[in-house]
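Peer 1: The sequence and its predicted three-dimensional model are supplied below.
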Amino acid sequence: MPFSNYLVILVAGVIFIYAVFKQRSNSHPPGPPSLPILGVAHLHPKVEFWRTYAEWGRRYGINGLISFHILGRRMVIINTMEDAVNLLNKRSGVYSDRPFPTMAGVLMRREKSIFYISYNERFKMYRKMMQRSFNPTAAQMYWDIQDHEARILVDNITKFPDKLVEHLRRNAASVIMKIAYGYPVTRNDDHFVVTAEEHLRIGSIVGRPGKWLVDSIPLLRFLPEWFPGAGFKRQARHWSEELYMQFLEPQNWVKDQIAAGTAIPSFTSTFLRPSDGPPADAEIEDLVLWAAGGLYAAGADTTVSAATTFFFQMMMNPAIQSRAQAEVDAFFEMEKRLPSLHDQAALPYLGSIIKEVLRWAPPAPLGLFHCTSRADVYKDMYIPAKTTVIPNIYAMMHDESVYPDPFVFSPERYMGNNLQPDPRECAFGFGRRICAGQNLAETTLWIQFALSLLTVNISKAVDKDGKTIEPEIAFTTAIVSHVKPFPYQITLRSEAALSLCRDFGVYMNDVSKKFHRSPENSPDLSEADFLARKHVIEAVAEWAQGTGMEWPPILYLYEVVKASAKREANWGHLVFTDLTTMRFLLVMVFPEECGCGNYSHHDYDALTKFQADRFMSLATYLYHDENKPDWVRATYVTISNDYALDPAFLQSVDAPPENDTGKVFHVTADNFVPSLLPNELESIDMLLKQSGKSVPKIMRYKVLGSKDARPEVSNVWRSKNARQCAECMKTSTKDLMLCARCRLIHYCSRECQRLAWPTHKLVCKKTDKVQGVD
């Protein structure tokens, strides 16, 4: 074949390849005019990118969908809910990856970060852990924490109203640190909080689009650190080491707490030592480290952003603030107590305010970026593989065709007949990358807003001449955007509500509504345990009604007091008080009763008296500056008598007799046995500091006890069948495994040992004192 023919074929091939490339290039979603190589780098904004993206969508887009490139990096911006749902939700198999930027990802070694990880098996493990811990039912286990921290928040706001954002940050940090690690934050400058805030600051810098040249020219990552202009590599290495330590330190703290036996239940402790079973292996530890670290980064800053917007809008819209306050006031007047997270359905206007806060100023205006795992065609537009896809949540929330008058703050959008779309469908992300902590975020905001509306007013500030200062509406530019600082003034509106927020009494922990629902809504209790406690609560309520007094069931927040204020699956207590927090009824609930003291072999009389002493020790310590508590009357119920209360227990509301009778025990401020341990007192002190309270050291000696006060394990098991399981009672053809600590109790499996441990652990360590034990 002549050379000219080869030349014709070559030219035709080049033209064909160019035509195909040209066709595909032209079929990208449209966008602003770009320059060769640079793309739109010269047009890209420095601040509030979401506003520019929304404007480009209106000017150049097809239904708001646009694309452009910066130095060859292709981006697609989704500006409408319709396209977000069609692409990110309905085609989640294509759009669930994350872009892996060179600076924040490769150089900082963040391939395991929950924010940068690809859609792979490890990511699925993260999601499974999150779903198990934070699904709507499981998230209720954290309501007490959120309620407690919200009370501290409003207390701090009234004490130091000029530091609103600081209080909001401390609140968010404390909620997340307790949930993630069981760590109590006692001060705004807490070490873990400071380092976590630094993590957020670094993340905001490295994640900013167009900030780092190496993201556009990845080959620059191969430059040696000493090379001129390669300072970004030294910075990346330093930040990488710093961020890893910020994850590692709190996890090591939890591991130390687990080893000492003082760990408070949390996301981390649950997976590091599940149900008192064997400890997690190195792989699980690594998963938990990155997952728990991501909780703070994902949850703390976003709730602060939303809460700041709430206070800003209440200040700017006094009519909306007044209507919301009227709603919570009516609840307070009718129920004679503070609203709790069980009452969300009772305050619909507040729910609408939360939706409008998330719409008017979405905390993450651009969400978190997605990435296509393969090429896709949408509405005849070609979207290549590895394209960065950005959901412009700000544009979706301000789409006039969806939300008329989008820049007006109006909770009424979600009430009445003509309902507008619920912004929560977009505010927390899309598809398989939707925020796993949505339930936590919403409930944290709800209880904050409810108690704030009840206790304080926020209004525009005035200058020295008494003239109102009109604040500027401006936002920070970051992954999580905030309303910029604004002048305001906060005043107290309800002393009664504030006093209840500051009190550690009954209304802080009323759990009666918990037992008005079905057992499946209480994941901390099995159905049998739930129904047993409900039976006791109903019996006490019937008795209280006859006395003309209220004796609601309460659950103290001081669950660090082991064996006294701790909920477990197989044992626990119920505490009732007469609202004065001077007189208490304590009921222990046990599974069954038998001649040898049940499968864990407790002396139930001794254990109940022990619990009463410990509760009196706790109450005496908490109320050291008041003339209370007066007395604690204690008893126990078991399945063998259908959880029926001893008639003597509910005989009167007067002071108890001096002598105990039957299964009823009376403990007073004069005759209780001090029973708190040093590590428990330290934990209680840390919790008290959060409310600015402290206890004189002399009180420690009045309530400090010893481990020797624990009830002893029954020696009956010495004569029991070594081939019968203490938990399930099944028998075997060979001797069963023994409890490694007491060497008394036999189990057929690790699962049975795990199930029995919550009951057995109270006395297990005491067995070396039991007569007749080697």
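Peer 2: That came through, no problem. The structure presented is a predicted model; accordingly, all values stated were derived computationally and were not measured.

Peer 1: List of residues touching the helix or strand in which T195 is found?
Peer 2: According to DSSP states H and E, T195 maps onto helix 191-206. With C-beta atoms under 8 Å, 6 or more residues apart in numbering as the test, helix 191-206 has contacts from 101, 103-104, 108, 115, 169-170, 173, 177, 181, 183, 185, 211-212, 236, 239, 242-243, 245-246, 249-250, 253, 293, 296-297, 300-301, 478-480. (Each C-beta comes from the backbone N, C-alpha and C, glycine too.)

Peer 1: Now list the buried members of these.
Peer 2: Buried members of the contacts of helix 191-206, scored by 16 or more other C-beta atoms under 10 Å, are 101, 103-104, 108, 115, 169-170, 173, 177, 181, 183, 185, 211-212, 236, 239, 243, 246, 250, 253, 293, 296-297, 300-301, 478-480.

Peer 1: Just the ones in helices from the residues you listed, please.
Peer 2: When the buried ones among the contacts of helix 191-206 are checked against helices (DSSP state H), the matches are 169-170, 173, 177, 181, 236, 239, 243, 246, 250, 253, 293, 296-297, 300-301.

Peer 1: tell me the least confident of those residues?
Peer 2: pLDDT across these is lowest for A297, at 76.

Peer 1: Please tell me how far that one sits from T270.
Peer 2: For A297, the distance to T270 (C-beta to C-beta, to the nearest Å) stands at 20 Å.

Peer 1: can you check F310 too?
Peer 2: 31 Å.

Peer 1: With D190 instead?
Peer 2: On the measure of C-beta to C-beta, D190 and T270 end up 23 Å apart.

Peer 1: Skipping its backbone neighbours, what lies nearest R51 in space?
Peer 2: Y394 (7.2 Å; C-beta to C-beta, 6 or more residues apart in numbering).

Peer 1: now E527
Peer 2: E527 sits nearest to P519 (C-beta to C-beta, 6+ apart), 4.2 Å away.

Peer 1: Around that neighbour, how many other residues sit close by?
Peer 2: 15 (other C-beta atoms under 10 Å).

Peer 1: returning to what we had before: the ones in helices among the buried ones among the contacts of helix 191-206: which two are farthest apart?
Peer 2: R170 and A236 (30.4 Å; C-beta to C-beta).

Peer 1: Can you name the residues that contact the closest residue to T80 other than its chain neighbours?
Peer 2: Excluding its sequence neighbours, the residue lying closest to T80 (C-beta to C-beta, 6+ apart) is G64, at 4.5 Å. Each residue near G64 by C-beta under 8 Å, 6+ apart is listed here: 54, 57-58, 78-80, 83, 395, 399.

Peer 1: Next: A307.
Peer 2: 168, 171-172, 445, 448-449.

Peer 1: how about the residues you listed in JSON lines, adding pLDDT?
Peer 2: Formatted as JSON lines, the contacts of A307 follow (pLDDT from 0 to 100):
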{"residue": "L168", "pLDDT": "93"}
{"residue": "N171", "pLDDT": "89"}
{"residue": "A172", "pLDDT": "90"}
{"residue": "L445", "pLDDT": "97"}
{"residue": "Q448", "pLDDT": "97"}
{"residue": "F449", "pLDDT": "97"}
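
Peer 1: What's the local residue count around the closest residue in space to N135 that isn't next to it in sequence?
Peer 2: Sequence neighbours aside, N439 is the residue nearest to N135 in space, at 7.2 Å (criterion: C-beta to C-beta, 6+ apart). Around N439 there are 18 other residues, counting by other C-beta under 10 Å.

Peer 1: Then the one 5 residues further on?
Peer 2: When counting by other C-beta under 10 Å, one arrives at 29 neighbours for T444.

Peer 1: any idea how far I320 is from E333?
Peer 2: Counting by C-beta to C-beta - E333 and I320 are separated by 21 Å.

Peer 1: Have a look at the two and say which one is more surrounded.
Peer 2: More crowded of E333 and I320, by other C-beta under 10 Å: I320, with 19 against 8.

Peer 1: Okay, and the more buried one sits in which element?
Peer 2: helix 318-335.

Peer 1: Buried residues, that helix. List them.
Peer 2: 320-321, 323-325, 327-329, 331-332.

Peer 1: Show me what that helix is packed up against.
Peer 2: Packing contacts for helix 318-335, counted by 3 or more C-beta pairs under 8 Å, 6 or more residues apart in numbering; DSSP states H and E, involve helix 282-316, helix 348-360, helix 438-455, strand 456-459.

Peer 1: The same query, at a cut-off of 6 Å, please.
Peer 2: Counting contacts by 3 or more C-beta pairs under 6 Å, 6 or more residues apart in numbering; DSSP states H and E, helix 318-335 packs against helix 348-360, helix 438-455.

Peer 1: for these, which one ends up most surrounded?
Peer 2: helix 438-455 (a mean of 24; mean count of other C-beta atoms under 10 Å).

Peer 1: Against which helices or strands is it packed?
Peer 2: So helix 438-455, by 3+ C-beta pairs under 6 Å, 6+ apart, packs with helix 143-159, helix 282-316, helix 318-335, helix 495-502.

Peer 1: Please repeat the previous calculation with a cut-off of 7 Å.
Peer 2: Contact partners of helix 438-455 among helices and strands, from 3 or more C-beta pairs under 7 Å, 6 or more residues apart in numbering; DSSP states H and E: helix 143-159, helix 164-181, helix 282-316, helix 318-335, helix 348-360, helix 495-502.
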